[in-house]
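Participant: just a sequence and a predicted model for now, questions to come.
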Amino acid sequence: MWKPTLSLLALLCLLQTTFALHESDAGVVDWHKPLIGVPLTGSLATAPVFHRVGSHDPNGTTQSVILTATASNVLGALEPASGNLTWRHIYEPEDPVILFRAREDIVVSLSGPGGSTFRSFDALTGQLISEKRLHRPDTGRLFEPANLGSHVAFPALKDDTGRKSTDVFVLTNGCELRRIDAMTGEVKWTWSATEEQKSFIVFSRVVSTPSAVYAIGLTKTPKSYMPRIEAISPTTGEVLASADLPGNIQNGLAEFMVISDSTDDKISPLVIWLESGTMKTAALQPSLKGKVLSARGAVYKSIKDVGLSDRGLFVALQSDDSARIIKIDDNGPGVKSIHDFADSATSTGYTESMFAGGLDKSGYPYVGRFFWSHNVGQAAAHVYSPHLVEGRGMVTGYTFSFDTNLHGTIEHVALDTANPKQYTVLARLFLTTSTGAVQLWQHDRIQWTREESLSEIKAAEFVELPERKAVVGVHAEEHETFGARLIRQLADGKEFPTYAVNFAKRFATGSYASVTNSAVTSANSTDQLYRDTFGFRKIIVAATSRGKIYGINSSNGAIIWSRILGLGWANEVGGRHQPVKVYVTKTVSDGDTPQVVLLTQRLASNGLVDTVIFHINALTGDDIRKPSSSGPLEGFDFVESEIVDAFLLQSDNRTVVAIDTHLQVHLYPNTEHSRREFSKVARKIHFPLRANGRLLGHQVLPTPEVTDKFTAYATWASNFPPQEQIVAVIPNTLGPVASLGKVLGNRTTLYKYLNPHLIAVGTISPSTTPPVCGVYLLDGAKGTILYHANVPAAGGVCDVMATLTENWLVYVYYDDEIVGLHESKGQRAVSVELYEGYQVNDKTKSSDTSIYSNKTSEVSFYEQSYILPYAVTAMSTTSTKFGISVKDIILTNRRNQIHSIPRRVLDPRRPKRKPTAEEQEEWLFQYEPLLPDDPRRVVSHNYRVAKVEKIITSPAFLESTSLIFAYGLDLFSTRVAPSNTFDVLSENFNKAQLVLTVSALAIAIIITKPMVSRKRLRERWYAS
């Protein structure tokens, strides 16, 4: 049994308090940018929509939010006036959100396979009202798209008794319809299709009337689809009637929709579909005996739901792509055309149109057409108002200056409108762009932009900023007169009085730069491109999967610059960039402008894949190869195929090295100097590659052979058991090492095993019973296994997370096995340290030993496991300038917190008894299995940093301080001091007292010096 010692717990708490962050530091030394993700615009079920709450209030007061589901599996709301995040609900990865719908102050959603889970939220606060599992996820039917077979419909706002209805009709799995109370989650009745119907009918739409609820689907026939209707009692769930409508639908849901008019219960809903260009309609009545009618006079190629199907409006495209607004005919069965958008047919003067519907405060509908005009080089909007001009309708048109060079193209538009005067229509547009940005436009003026693609960062790196220096003009003295030189020098010295006053004030008051002060500058200040006193301000260069790269101020998260990644030849066929890695190739230490190289895989829509390099000025985002370019960055076609590995050659030239699928080596820059430089170190380069379930070590030939390119060849193969599959390869985090060993209390030394080729490998054995995960440490130069451990694969999944730095490995896993009486399931953290030789004082010089020496495998290790009170999603280690400070583990948990765990707490040599005097000299304290969940170790304070996928660290100018950047759905950055700020004076140090003391001593010396001199002179006289 575990018997915690109070004194040792107190010691541990004291240790943690030493490094704890203060509440006053929140928002000063750190920043948090909550994101919602890039909206899912492929379906109206998940696309952004304006939602107004309180529109039926007698006083006319309303409040709006923008609701959307996103690619990050989030349902949330944005505040239209400011763009701030109002609320969000983050779904689990295995529970993808597939649709949402809102009415009044309630938002309902379906998630999971087939819509397995129902949830309802408060529309303004996001508070979860109810949650109900409708069917097991493993019984969900998988459709494409995912929301096929799932739908939500609301009954009349008030029931027969006049009370407000909170019920909702929910269709799931393409075959089950339920009436659910959204406030409680209570299922009032359930209707399910027969087993025979499930095999060939998928119900996809629900529409509600006071007399019946209609489930509408498509029946698969040998050559087409046919509409199928089920009329169901809204109170009991009994089937009132069933019918198959005579139809011949070729393209499924693309030519099929259901519309109704929720403002008038007397108007029957309509099922609408296309047959060979002819529009067919059928009215829905409880008896299902309505006739199928044909709308004559036009041939249509498609019909589009613009979000107004419950207002009886939709858009139909004719054969030339000209758009027509069609509405339910109020005076009889069928539909009628109410407006044709002018000049909407296919043309070279503008792009294909997008359409959106919206409502104003009074509930009147509007339909908008949006397109890019090549003639004026701007985006255009045409908004049709059906109710204006005495019901004849009115069109309002305007253009707005959307920046395609900065945000790509418009992919989706959500419309909100206002009608303040009789003939005035004001439109608010919520745009989603191809680069993942979302914008709000008020008529033709942009209000705000959110760069939601930052939720999909795939590669990021810190870049050090240059120091601000005084700029001194250079003048040719032979051409400068004495008077001109005097005037120039007086002008150069005009700031001296201000500097002298400030210096005196700082000297007298001690108001110097502090490590707890913010490094933030004003948004428009040029100081953003210069480092602060302690090097806390850097640029974070981050590349996203949406084809955009950003320069972010690390002190406040502000975007300094952003650029679109050009597709090059793939622009003709379409495609996207998948960032691989960002490399810093020039730093301020090189005396040049900081530069980065972004390596991406270009995935063309035609299936071709190649590798592209973007060479970028890290301060401005300019293209180094084409500095004058103002459009998208033009990449350099680096490799004509995929690459299997890439790294940066740490040499004077900092060459980017990539290995393609044929094991050919590609260099950037591919100059004669870089080739000579690479040839000198080629034999020292060793790297592992995964191939056919094995790990193969490779080396590079020092000279090109058949082609002009260097070639790699296999040198060793892993000897893992045949049933093991490699799931991860973790490289060693390289950095400066200040200490080569650890001096023990008995004055012996453990020398660190610092093999530069050390790698960690994670495996899984799914065929074993039970499945297990393997953790290995290998010598990457010759494949020798230095350490191996097996851990449980919980649920058959290997979720081991690991980080490796110097001679220290830490890995985390979930243990679901209970072997002993006193064991329990939970998260485990294992700390492993490797040392040279087999005993103390053994020194094999592992960092310099030849790979052919047997001494590289002479290693001893210490390991210890701990219990973590939370699950871990990402982890890394701190890094400092010279490696003098101890390294802490930085990790994120599923509670959306970021923790810092001191290395001393994870020291595998902690004794399992009372430490001896020698062990106390090493600052070792007694081992306790459970790591305390100390809130003082939460470096993210009260921020909830959601879905962190990776953590990167960078040294500050101070050796004591490490910068942290965590990214995933949210972005977060802070700084920590693992060994405390030993290289700066404490903030409470009394600098004024020091100045006064030194001044008093100086005055005392001045006064006493002549007195001492006179005394000594008298002594000499008397002595003689």
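Facilitator: Yep, that arrived. Everything numeric here is computed off the predicted structure, so don't read it as measured data.
Participant: helices along the protein, start to end?
Facilitator: Secondary structure of the chain by DSSP state H: the helices cover 6-19, 195-200, 404-407, 482-492, 496-509, 672-681, 917-921, 991-1023.
Participant: does T953 touch K881 like I think?
Facilitator: No - the criterion here is C-beta atoms under 8 Å, and T953 misses it with K881 at 11.9 Å. Backbone N, C-alpha and C define where each C-beta goes, glycine included.
Participant: got the contact list for the nearest residue to A646 once chain neighbours are set aside?
Facilitator: The shortest distance from A646 to any non-neighbouring residue, by C-beta to C-beta, 6 or more residues apart in numbering, is to A658 (4.3 Å). Shown in contact with A658 (C-beta atoms under 8 Å, 6 or more residues apart in numbering): L599, T611, F638, V639, I643, D645, A646, V665, H666, Y668.
Participant: and A658, what are its bridge partners?
Facilitator: Assessed by DSSP bridges, A658 has beta-bridge partners A646, H666.
Participant: I'd like the distance between the one residue sitting closest to the centre of the chain and V438.
Facilitator: Taking C-alpha atoms, centre = their mean, the centroid of the chain lies closest to S455, which sits 2.5 Å from it. Distance, S455 to V438, by C-beta to C-beta, to the nearest Å: 11 Å.
Participant: shared neighbours, those two?
Facilitator: V38.
Participant: and the residue nearest to A646, what's its pLDDT?
Facilitator: Here, the pLDDT recorded for A658 equals 95.
Participant: and the gap between it and K680?
Facilitator: Remark: distance between A658 and K680 (C-beta to C-beta) = 19 Å.
Participant: next one: H941
Facilitator: Distance of H941 to K680, given as C-beta to C-beta: 49 Å.
Participant: burial count for the nearest residue to L931 once chain neighbours are set aside?
Facilitator: Nearest-residue entry for L931: Y866, 5.0 Å, with adjacent residues in sequence omitted and distances by C-beta to C-beta, 6+ apart. Applying other C-beta atoms under 10 Å, we find 21 residues neighbouring Y866.
Participant: can you tell me, leaving aside adjacent residues, what's nearest to L245?
Facilitator: P227 (4.1 Å).
Participant: go ahead and confirm that neighbour touches D244.
Facilitator: Yes - P227 is within contact range of D244, at 7.2 Å (criterion: C-beta under 8 Å).
Participant: between these two, who's got more neighbours?
Facilitator: More crowded of P227 and D244, by other C-beta under 10 Å: P227, with 23 against 13.
Participant: okay, and the beta partners of the more buried one?
Facilitator: L218.
Participant: distance check, it against I249.
Facilitator: 7 Å.
Participant: again with A182
Facilitator: 33 Å.
Participant: point out where this structure drops to low pLDDT.
Facilitator: 1-27, 55-60, 159-162, 469-479, 495, 503, 505-528, 628, 818-823, 1023-1024 (pLDDT under 70).
Participant: got the domain ranges for it?
Facilitator: Domain segmentation of the chain under automatic domain parsing yields 1-33+873-899+930-989, 645-717, 724-868, 998-1024.
Participant: quick one: which of the ones you listed is nearest A342?
Facilitator: Across those, A342 has its closest neighbour in domain 1-33+873-899+930-989 (43.1 Å, C-beta to C-beta).
Participant: before we move on, back to that, overlap in contacts of P227 and D244?
Facilitator: Residues touching both P227 and D244 (C-beta under 8 Å, 6+ apart): T219.
Participant: residues near S865, how many?
Facilitator: 17.
Participant: now do the strands in the stretch 301-450 of the chain.
Facilitator: Here the stretch 301-450 of the chain has its strands, by DSSP state E, counting those that start in this stretch, at 313-318, 323-328, 335-340, 354-359, 365-373, 378-385, 394-400, 410-421, 424-433, 437-442, 445-451.
Participant: report the inter-axis angle for the longest one versus strand 424-433.
Facilitator: Meaning strand 410-421. Here the directions of strand 410-421 and strand 424-433 differ by 160 degrees (axes from the mean of the first three to the mean of the last three C-alpha atoms, to 10 degrees).
Participant: can you list the strands that strand 410-421 pairs with?
Facilitator: Strand pairing for strand 410-421, using DSSP bridges, gives strand 424-433 (antiparallel).
Participant: buried ones in the partner strand, by neighbour count?
Facilitator: V425, A427, R428, L429, F430, L431, T432, T433 (16 or more other C-beta atoms under 10 Å).
Participant: ok, back up a step: just name the most buried of the helices of the chain.
Facilitator: Across the helices of the chain, averaging neighbours per residue (mean count of other C-beta atoms under 10 Å) puts helix 404-407 on top, at a mean of 17.
Participant: contacting residues around the residue nearest to F169 when sequence neighbours are not counted?
Facilitator: Nearest non-adjacent residue to F169, counting by C-beta to C-beta, 6+ apart: A153, 4.5 Å away. By C-beta under 8 Å, 6+ apart, the contact list for A153 reads V168, F169, L171, V206, V207, S208, V213.
Participant: with I216 instead?
Facilitator: F203, S204, R205, V206, V207, P227, R228, I229, E230, V258, V271.
Participant: what's the separation between the last one and G795?
Facilitator: Using C-beta to C-beta, one obtains 45 Å as the distance from V271 to G795.
Participant: and what of Y813?
Facilitator: Y813 is 12 Å from G795, by C-beta to C-beta.
Participant: who has more neighbours, the two?
Facilitator: Between Y813 and G795, counting by other C-beta under 10 Å, Y813 is the more crowded of the two (25 against 11).
Participant: test my guess that the more buried one contacts C773.
Facilitator: Yes - taking C-beta under 8 Å as the definition, Y813 is a contact partner of C773 at 6.6 Å.
Participant: spit out the residues that contact the two alike.
Facilitator: Contacts common to Y813 and C773, judged by C-beta under 8 Å, 6+ apart, are V791, P792, V800.
Participant: tell me the contacts of the second one?
Facilitator: In this case it means P792. P792 makes contacts with P770, V772, C773, Y813, Y814, D815, D816, E817, as judged by C-beta under 8 Å, 6+ apart.
Participant: what's the distance between the third one and F965?
Facilitator: Think C773. On the measure of C-beta to C-beta, C773 and F965 end up 29 Å apart.
Participant: one more: the fourth one?
Facilitator: From Y813 over to F965 the distance is 25 Å, taken as C-beta to C-beta.
Participant: what's the answer for the fifth one, then?
Facilitator: Note on Y814: its distance to F965, by C-beta to C-beta, is 27 Å.
Participant: show me which of these two is the more surrounded one.
Facilitator: Set Y814 next to F965 and count neighbours by other C-beta under 10 Å: F965 wins out with 24 against 20.
Participant: partner residues bridging that one?
Facilitator: Here F965 sits in beta bridges with I952, S973, going by DSSP bridges.
Participant: doesn't K538 make contact with it?
Facilitator: No - contact criterion C-beta under 8 Å: F965 and K538 do not qualify, at 9.3 Å.
Participant: can you list residues touching both of those two?
Facilitator: Common contacts of F965 and K538 (C-beta under 8 Å, 6+ apart): F462, S554, S954.
Participant: nearest residue to the last one in space, please, no chain neighbours.
Facilitator: By the measure of C-beta to C-beta, 6+ apart, the closest residue to S954 outside its immediate chain neighbours is F462, 3.6 Å from it.
Participant: tell me what the one you found is bridged to.
Facilitator: Using DSSP bridges, the beta-bridge partners of F462 come out as I540.
Participant: many thanks, have a good one.
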